[in-house]
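> fold the following and give me the result.
(one chain, ligands or ions: 1)
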Amino acid sequence: MTSNAPVVLIIEDDPPIRRFLRATLGAEGYSLREAATGEAGVIEAASHPPDIVLLDLGLPDVDGLNVIQRLRSWSTVPIIIISARRKEGDMVAALDTGANDYVTKPFSVLELKSRIRVALRYSQQSPGEGNGVFTAGDLTVDLAHRHVTIGQREVLLTRLEFKLLAIFVKYAGNVITHRQLLEEVWGPKNTDAANYLRVYIHQLRRKVEEDPARPKYLLTESGIGYRLQTDPK
Ligand code: CA
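Residues are numbered from 1 along each chain as shown. Presented below is the predicted three-dimensional model:
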């Protein structure tokens with residue numbers, strides 16, 4: 001184990017899942033720390049600040065949402081929810097409380113590893129780093145010059161469409177809830193105007209996607225929100 005291995009804190013009460021994560025992520029070179037309760041997890045995160053937290057929502061002592069709130073009161077560490085809960089409402093609440101992403105049990109190891117990589121990449125990038133140009137597949141978004149292209153073709157966006165796309169770029173690779181998008185684009189008073197969002201996503205897809213019915217950049221996370229794919233197939 002190298003000393004600069006990213007530290008992953010697993011907050012999960014189920015020993016077989018902890019064992020599985022320890023084996024899989026340990027083999028990837030991550031350094032693992034574990035907590036079996038929410039209280040122990042918060043204490044562990046405070047005493048040995050991790051690079052990323054994997055958090056189970058169903059814990060024996062406190063609710064996972066409570067753990068997110070407490071971590072967020074002092075830390076911006078990326079939090080990925082690992083949950084058996086199928087209820088989309090729980091996941092949305094966790095994301096709105098400050099979690100960065102989620103996987104649902106049973107999750108694929110490849111998916112989890114990719115979520116961890118994305119979360120670490122964006123948390124290690126300080127604001128203003130890079131040249132302000134985002135690329136994924138044929139899509140290029142130049143934030144400073146407000147210039148969007150697909151391959152050689154320039155994409156003309158309205159002010160609001162660009163604003164929406166820029167928010168996707170800001171959270172590239174991570175899921176964004178409907179509420180987060182509405183709040184960032186239209187302000188905190190308009191968080192239930194989901195119909196605005198649908199209309200603008202539809203317009204944006206018509207401009208940037210080859211086949212808007214089968215998007216490869218602006219993906220729908222059913223019942224939760226959207227995700228800008230950083231590695232389109
Ligand atoms: Ca559990």
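> contacts for the helix or strand that contains Val185, please.
Using DSSP states H and E, Val185 falls within helix 178-186. With contacts defined as C-beta atoms under 8 Å, 6 or more residues apart in numbering, helix 178-186 is touched by 92, 95-96, 160, 163-164, 167, 171, 190-194, 196-197, 200, 224-226. (C-beta placed from N, C-alpha, C; glycine too.)
> which members of those are classed as buried?
Burial by neighbour count, 16 or more other C-beta atoms under 10 Å: within the contacts of helix 178-186 this picks out 92, 95-96, 164, 167, 171, 191, 196-197, 200, 224-226.
> export those to a markdown table and tack on secondary structure and pLDDT?
Output for those, formatted as a markdown table (DSSP: H, G, I helix; E, B strand; the rest coil; pLDDT from 0 to 100):
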| residue | secondary structure | pLDDT |
| --- | --- | --- |
| Val92 | helix | 90 |
| Leu95 | helix | 93 |
| Asp96 | helix | 92 |
| Leu164 | helix | 94 |
| Ile167 | helix | 93 |
| Tyr171 | coil | 89 |
| Thr191 | coil | 72 |
| Tyr196 | helix | 84 |
| Leu197 | helix | 90 |
| Tyr200 | helix | 92 |
| Ile224 | coil | 90 |
| Gly225 | strand | 93 |
| Tyr226 | strand | 95 |
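> which of the residues you listed lies closest to Glu28?
Glu28 has its nearest neighbour among the buried ones among the contacts of helix 178-186 in Tyr171, at 23.6 Å by C-beta to C-beta.
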